[in-house]
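Engineer: Provided below are the primary sequence and the corresponding predicted coordinates.
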Amino acid sequence: MKALVYEGVETLCVRDVPIAAPQTGEHLVRIAASGICGSDMHAYLGHDNRRPAPLILGHEAAGVIEEGPLTGRRVTINPLVTCGVCVACTSGRENLCAARQIISMPPREGAFAQFVAMPERNLVTVPDEVPLEKAALAEPLAVSWHAARLALEALHPAMERRALVIGGGAIGLAAALALRAMGVEDVTIQEPNAARRAFLTDRCKQQTADEFQGMVPLVVDAVGYRATRAAASTAVAPGGVIVHVGLGEDSGGLDVRRMTLQEITFIGTYTYTAQDFRDTAHAIFDGRLGPLDWPEHRPLSDGAAAFRDLRQGVVAAPKIILDPWA
């Protein structure tokens, strides 16, 4: 099969590799669409030792089951493979499973390929009327759905439902969409890239700002750098909530004294539960997250160039989706 292989820092090549081999209880899925994630970019830049070269990256995908009794079923893929029996899994917090694996990290190759093998429990059926390119957005949207859910559960009921999202990439945009789907109507996305900000405003119909003034009860940091954590610490209102999704930089930025004196809640969030993933998929299917027509689509053969363009900051769209068969 064809695959886009990460071979070293800022080096990607399309190669012929052995076709994915399903294990017991797994299905071979023919990939129709696979999105580029920020974590793929971290690996590409050599910043993620969990993803050593050579490796097939990619974990945001949808496709069609290729063989067996479910042949032909259209599915979107939950890439987080968990044990199913530990306390985290049995209490509905599968994302905290100590034995979790995710495609695009060893030992599981990723979805920038024509095929991937996945357990049946990780596959959510996609209705015939929903394009697989749209269904492939379930994974990044689920990350933000999970974050938005946890943030609203933690927000005091007396506080206004207003939010600031820092970062206008796919996770930031998805957070804004999830918050609105959950009843938060006043959401601003802070995005310094002028081209992306214009795209978010004009194409995605989002409220945006280059710099944000004032304070809000809820702040989502979808970037995760020292500077964005500092901005979140400044922007959150007393008694409010910061939910941290981005993995840009390990430490620094939080004003811990202010957070302590003003009882600000800080929540770190990682991926999603299996229920969050299913809920997100169904929100896509019934249109609650909008038309989702904002990704840019490219063939897998253009994957290396897509990563270079993202690296150089010249992509206005929040998401690039690759087609392994184009």
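Structural biologist: Noted; the coordinates are in hand.
Engineer: show me the contacts for H244.
Structural biologist: Contacts for H244 were tallied using CB atoms under 8 Å, 6 or more residues apart in numbering; they are D221, G224, R229, A232, F266, I267, G268, T269. All C-beta spots, glycine's among them, are computed from the backbone N, C-alpha and C.
Engineer: just the helices in this protein please.
Structural biologist: 38-44, 87-90, 132-135, 138-154, 170-181, 194-202, 226-235, 256-261, 274-285, 303-311 (DSSP state H).
Engineer: circling back: can you redo the contacts of H244 as TSV with pLDDT, distance to C204 and neighbour count?
Structural biologist: What follows is these, written out as TSV (pLDDT from 0 to 100; distance: CB to CB, whole Å; neighbours: other CB atoms under 10 Å):
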residue	pLDDT	distance to C204	neighbour count
D221	98	20	32
G224	94	21	21
R229	97	25	25
A232	97	22	27
F266	98	28	18
I267	98	25	15
G268	97	27	12
T269	97	22	19
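Engineer: Including distance to G168, could these go into JSON lines?
Structural biologist: What follows is the contacts of H244, written out as JSON lines (distance: CB to CB, whole Å):
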{"residue": "D221", "distance to G168": "13"}
{"residue": "G224", "distance to G168": "14"}
{"residue": "R229", "distance to G168": "17"}
{"residue": "A232", "distance to G168": "15"}
{"residue": "F266", "distance to G168": "22"}
{"residue": "I267", "distance to G168": "21"}
{"residue": "G268", "distance to G168": "21"}
{"residue": "T269", "distance to G168": "18"}
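Engineer: any idea which of these is closest to G25?
Structural biologist: Distance to G25 across the contacts of H244 (CB to CB) is lowest for T269, with 28.8 Å.
Engineer: Can you give me every residue that contacts the residue most central in space within the chain?
Structural biologist: Closest residue to the average C-alpha location of the chain: P140 at 2.4 Å, with CA atoms, centre = their mean. If a contact means CB under 8 Å, 6+ apart, then P140 has G35, C37, E60, A170, I171, A174, K319 as its contacts.
Engineer: Check the gap between the last one and F199 for me.
Structural biologist: It refers to K319. In this view, K319 and F199 are 11 Å apart by CB to CB, to the nearest Å.
Engineer: swap in the fourth one?
Structural biologist: According to CB to CB, A170 and F199 sit 12 Å apart.
Engineer: Let me see the domain layout of this protein.
Structural biologist: 2-137+295-323, 141-268 (automatic domain parsing).
Engineer: What's the end-to-end length of the last one?
Structural biologist: Terminal residues of domain 141-268 lie 17 Å apart, using CA to CA, to the nearest Å.
Engineer: how far is it from where the chain is centred?
Structural biologist: 15 Å (CA atoms, centre = their mean, to the nearest Å).
Engineer: do the same with the first one
Structural biologist: Taking the mean C-alpha point of domain 2-137+295-323 and that of its whole chain, the gap between them comes to 11 Å (CA atoms, centre = their mean).
Engineer: Quick one: mean pLDDT for that domain?
Structural biologist: Averaging pLDDT along domain 2-137+295-323 gives 96.
Engineer: Distance to P52 added to the helices of the chain, as CSV?
Structural biologist: CSV is the format used below for the helices of the chain (distance: least, CB to CB, whole Å):
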stretch, distance to P52
helix 38-44, 9
helix 87-90, 26
helix 132-135, 30
helix 138-154, 22
helix 170-181, 24
helix 194-202, 30
helix 226-235, 26
helix 256-261, 34
helix 274-285, 27
helix 303-311, 17
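Engineer: higher neighbour count, A170 and F199?
Structural biologist: A170 (26 against 22; other CB atoms under 10 Å).
Engineer: What distance do you get for that one to A117?
Structural biologist: 25 Å.
Engineer: still on that earlier bit, okay, the contacts of P140 in JSON lines with distance to L4 next?
Structural biologist: Listed next are the contacts of P140 as JSON lines, based on distance: CB to CB, whole Å:
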{"residue": "G35", "distance to L4": "13"}
{"residue": "C37", "distance to L4": "13"}
{"residue": "E60", "distance to L4": "13"}
{"residue": "A170", "distance to L4": "18"}
{"residue": "I171", "distance to L4": "21"}
{"residue": "A174", "distance to L4": "23"}
{"residue": "K319", "distance to L4": "16"}
